[in-house]
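Chemist: structure for this input, please:
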Amino acid sequence: MRAVSPDRAAWGLAVALTALTIAIYAPVSGFEFLNYDDDVYVTENAHVSAGLSAANLRWSLTAFDGGTWHPLTLWSHMLDVQLFGVHPGAPHVENLILHVVNALLLFWLLDAATSRTVPSAAVAALFAVHPLNVQTVAWIAERKSLLSTTFWFLALIAHVRYRRESDRRYYFATIALAALALLAKPMAVTLPLTLVLLDLWPLGVRPPGKSVIGAYAKELAPFLALSLASGILTLVAQRSVQAMQTLQSYPWSFRLGNAVVSYAWYLKVVVWPSGLAAFYPHPMETLPVGVIVVAAVALAALIALVYLGRSIPGVVMGCVWYVGTMLPVAGFIQVGSQAYADRYAYIPLIGIFIAIVWTVVTFTERRAIVWRRAAGVAAAAWIAALSLVARQQALHWHDSVSLFQHAIDVVPNNAMAHMSLGLAYVRRNRMAEALDHFQQAATISPSDVHAYALVSAGNALRLLGRPAEAVREYEQALEMTPDDPSMHFNLALALLDLHRSDEAVTHLNEVIRLNTSYVNARFLLGVLLVRRGQLAEAMEQLRTVQKLDPQHPDVEKWMKWIEELQRQ
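Modeler: Next up, the predicted model:
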């Protein structure tokens, strides 16, 4: 029986795989934080940016930052800050290390399960270098995918040991590792499926028992319970930040059509990875029926080919792996406004790589050696080409301006990319350019971006000294989101710039009605009331500010001034 530990040839391939991956991604050590979830998870997250502490660890157990419950990932970000400070270099390098580890673990898993070292290395190489995985590696916010995948692969390796040695310790280790994968990212809810698929091929085993279904139900019960708990927590987290779209906003017709196209799109870019971007807007009702039909026909043809080639080892397993592990992110449960995302393919495309490699192996192994050599040359050329594309794709992730300018270049009518590029220009104090992109985002106008594009344009206009135009932008935004307190607050600031204080007071009162804990609105209202001579009302607002924010730098000064005015 083949040992799980790799032999000398496998060690050589592992070293080559490591060197190739590092060569592709070495530039990430000099990349910046992005204004695309890096702020949510690290730079503007008060708990994470404070580093490891008992209080922050406890907070992470109930935190839904970014609409995800993933305490293990938050701990890893806290550890980065604790060791290296809030600096992008170290977490980027850690992402690269985790990707290398994942490629090696995939190689180890397949080599152990199939006893075929070279095909296993080929699958791992495709996983390591494919440009679709650049987003996962080059984006600090995607630490969750990398970390979850590490424990996912370790769980599968433990499962192989359990099947080979029937040692219950490996079964319990698999459960523990599956739990850790879910603690890093809920995408691992489909891990139980991959356990079954490994049993079907290449292990060719089943759990002991008279009934296959009964045996699997008993053995998988702990894994399914963990996945169910993670799924429930994820739904709660998504709803807490209003990230989950309703059927009114995204009806089933939109979701089903986009899911069909998404499955086909990933398969296309496996072979031809062009036009990759940070964000792909959902097409909604603009998705042509013809595109859906073509995608459906392509998928039906693939299913027919899989059926015809069902005797080829790994083909059915790989395709079911792809379809099954993609289900949580296929768009049936619509989160956000993207149609699909490169990062979603990190685990699912492993199945396609397995199907491709083992099809080639099966086709060539019983033919003349010239066929095997030709296949080897073709595989090396494909991996080399993918590596060059991945290296170039990674460079776009250097900073927010580069990333979102590229997204706009390759994906037309990309409102989210225009918004993010505008925010990047704001941080660089390039307000005129920021305004242009905010206005373009508002023109493109998907419902979940339009109001925030308008308010961002208003903010830029205020900073450019054009408050009257800013008021018009804010008023349009308010028509769409009348119950958003921040919209009323921004409008109040612009009205003050125009010395329209009475109207500003009206909107500040509306802010407080909508959100009684809005400290900045209460403080500004208190200041305005002082100027209007309404001292008692001003003192009431400032006392509330003091209760809400005892460390507020200016409230005590204003309260003392009011007391002096009252004594006079």
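Chemist: ok, and what's touching stretch 225-233?
Modeler: Identification of contacts with stretch 225-233 by Cβ atoms under 8 Å, 6 or more residues apart in numbering yields 69, 175, 178-179, 182, 186, 188-192. Where you see a C-beta, it was placed from the backbone N, CA and C, and this is true even at glycine.
Chemist: what's the closest of the residues you listed to residue 13?
Modeler: residue 191 (26.1 Å; Cβ to Cβ).
Chemist: ok, now which ones touch the closest one?
Modeler: Residue 191 touches 152, 155, 178, 181-182, 223, 227, counting by Cβ under 8 Å, 6+ apart.
Chemist: ok, now residue 25?
Modeler: Residue 25 touches 96, 99, 137-138, 390-391, 394, counting by Cβ under 8 Å, 6+ apart.
Chemist: next: residue 59.
Modeler: Residue 59 neighbours (Cβ under 8 Å, 6+ apart): residue 47.
Chemist: can you tell me the helix or strand for it?
Modeler: According to DSSP states H and E, residue 59 maps onto helix 54-60.
Chemist: list the buried ones in that helix?
Modeler: 56, 59-60 (16 or more other Cβ atoms under 10 Å).
Chemist: could these be laid out in JSON lines, adding pLDDT?
Modeler: Shown next, in JSON lines, are the buried residues of helix 54-60 (pLDDT from 0 to 100):
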{"residue": "56", "pLDDT": "93"}
{"residue": "59", "pLDDT": "94"}
{"residue": "60", "pLDDT": "93"}
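Chemist: show me which of the residues you listed is closest to residue 558.
Modeler: residue 59 (32.1 Å).
Chemist: from residue 179, how far out is the closest one?
Modeler: 20 Å (Cβ to Cβ, to the nearest Å).
Chemist: what's near enough to touch the residue nearest the centre of the chain?
Modeler: By Cα atoms, centre = their mean, the chain has its centre lying nearest to residue 142, at 5.5 Å. With contact taken as Cβ under 8 Å, 6+ apart, residue 142 is in contact with 95, 135-136, 343.
Chemist: hmm, which of the residues you listed are the buried ones?
Modeler: Buried by 16+ other Cβ under 10 Å: 95, 135-136, 343, out of the contacts of residue 142.
Chemist: just the closest of those residues to residue 460, please.
Modeler: residue 135 (28.0 Å).
Chemist: helix or strand for the closest one, which one?
Modeler: Residue-wise, residue 135 maps onto helix 134-138 under DSSP H and E.
Chemist: got the contact list for stretch 202-221?
Modeler: By Cβ under 8 Å, 6+ apart, stretch 202-221 touches 113-114, 160, 163, 171, 192, 195-196, 199, 313-314, 317.
Chemist: if we only consider those residues, which is nearest to residue 130?
Modeler: Distances from residue 130 to the contacts of stretch 202-221, taken by Cβ to Cβ, are shortest for residue 314, at 17.9 Å.
Chemist: neighbours of residue 444, how many?
Modeler: 19 (other Cβ atoms under 10 Å).
Chemist: tell me the mean pLDDT over the helix ranked longest in the chain?
Modeler: Counting by DSSP state H, the longest helix found in the chain is helix 212-240. For helix 212-240, mean pLDDT is 90.
Chemist: which SSE is immediately downstream of that helix?
Modeler: Using DSSP H and E, the first helix or strand after helix 212-240 is helix 252-271.
Chemist: avg pLDDT for that following helix?
Modeler: Here the average pLDDT along helix 252-271 is 91.
Chemist: what packs against it?
Modeler: When contacts are defined as 3 or more Cβ pairs under 8 Å, 6 or more residues apart in numbering; DSSP states H and E, helix 252-271 packs onto helix 289-308, helix 315-326, strand 338-340, helix 349-364.
Chemist: tilt between that helix and helix 289-308?
Modeler: 60 degrees (axes from the mean of the first three to the mean of the last three Cα atoms, to 10 degrees).
Chemist: can we start the residue count at 14 from this point?
Modeler: Okay, using 14 as the starting number, the last item reads as helix 265-284.
Chemist: and after helix 265-284, which helix or strand comes next?
Modeler: strand 293-294.
Chemist: hey, C-alpha coordinates of the strand or helix carrying residue 33 in PDB?
Modeler: For residue 33, the element it lies in under DSSP H and E is helix 21-38. Written as PDB, here are the backbone C-alpha positions of helix 21-38 (Å, rounded to 0.1, in the frame of the first residue of the first chain):
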ATOM      1  CA  ARG A  21      11.800  11.600  -3.500                       C
ATOM      2  CA  ALA A  22      10.300  12.400  -7.000                       C
ATOM      3  CA  ALA A  23       7.300  14.000  -5.300                       C
ATOM      4  CA  TRP A  24       9.700  16.200  -3.200                       C
ATOM      5  CA  GLY A  25      11.300  17.400  -6.300                       C
ATOM      6  CA  LEU A  26       8.000  18.300  -7.900                       C
ATOM      7  CA  ALA A  27       6.900  20.000  -4.700                       C
ATOM      8  CA  VAL A  28      10.000  22.200  -4.700                       C
ATOM      9  CA  ALA A  29       9.400  23.100  -8.400                       C
ATOM     10  CA  LEU A  30       5.800  23.900  -7.600                       C
ATOM     11  CA  THR A  31       6.800  26.100  -4.700                       C
ATOM     12  CA  ALA A  32       9.400  28.000  -6.700                       C
ATOM     13  CA  LEU A  33       7.000  28.600  -9.600                       C
ATOM     14  CA  THR A  34       4.200  29.900  -7.400                       C
ATOM     15  CA  ILE A  35       6.600  32.300  -5.500                       C
ATOM     16  CA  ALA A  36       8.000  33.500  -8.800                       C
ATOM     17  CA  ILE A  37       4.500  34.500 -10.000                       C
ATOM     18  CA  TYR A  38       3.400  36.200  -6.800                       C
END
